[in-house]
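1. Next comes the sequence, and after it the predicted model I'd like to discuss.
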Amino acid sequence: MRAHTLLALASVAFAAALPADPSPSASSTQEPCAQVNAYFAAEPEDSLALCPAQLAMDCLTSVPLSKANNTLLIEQLVQYINFQTTLTYLKSPPSGYPYDSVDIIGDLQKLSTDLQNDVYNDEYTFQAALVQIFQSARDG
């Protein structure tokens, strides 16, 4: 496992161990991102500020989904990705290829359909699905 992966996992574990109560300056009536901001604002600039992992996740998933912008994003990505020379090999890999086949264009079209069918409730979940499509190509 790479060092940066271990560091990220350790950071998440440490943050998860923090108390669930926000800092004294952050009220539970505030939006999650405002509470996260309060954690960082309460610490000196040169220190490592942490907040509970669930609060950070609540902040990420509170960002509203923009169907119109993401529909346009997918359309533009499909045009761009069509220049990728390995699409045929990824979709139908040669014998002995160590990974499963992946249809990047088909997966982007499915992502677009899911977006229109309200599968995603927030921007973070949509973007995570988009990243997963590109990671499935194992192209660096």
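-> Cool, got the structure.
2. contacts, neighbours, all on C-alpha from now
-> Noted.
3. just for the protein, where's the confidence low?
-> 1-28, 140 (pLDDT under 70).
4. So it: which segments form each domain?
-> Using automatic domain parsing, the domain parsing of the chain gives 3-60, 67-135.
5. Start and end of the longest one, how far apart?
-> Okay, so that is domain 67-135. 22 Å (Cα to Cα, to the nearest Å).
6. next one: that domain to chain centre, how far?
-> Relative to the chain's own centre, domain 67-135 is displaced by 14 Å; criterion: Cα atoms, centre = their mean, to the nearest Å.
7. same question, stretch 50-62
-> 13 Å.
8. Going by neighbour count, which residues of it are buried?
-> 50-53, 55-56, 59-62 (16 or more other Cα atoms under 10 Å).
9. swap in stretch 119-137?
-> In stretch 119-137, counting by 16+ other Cα under 10 Å, buried: 120, 122-126, 129-130, 133, 137.
10. State the pair within these that is farthest apart.
-> Spanning the widest gap among the buried residues of stretch 119-137 are 122 and 137, at 24.5 Å by Cα to Cα.
11. Reformat the buried residues of stretch 50-62 as TSV; add distance to residue 95 and secondary structure.
-> Converted to TSV, the buried residues of stretch 50-62 look like this (distance: Cα to Cα, whole Å; DSSP: H, G, I helix; E, B strand; the rest coil):
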residue	distance to residue 95	secondary structure
50	48	coil
51	48	coil
52	47	coil
53	43	helix
55	46	helix
56	44	helix
59	45	helix
60	41	helix
61	41	coil
62	44	coil
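12. Output those in TSV; the columns should cover distance to residue 69.
-> Conversion of the buried residues of stretch 50-62 to TSV gives the following (distance: Cα to Cα, whole Å):
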residue	distance to residue 69
50	32
51	30
52	31
53	28
55	26
56	24
59	20
60	18
61	17
62	17
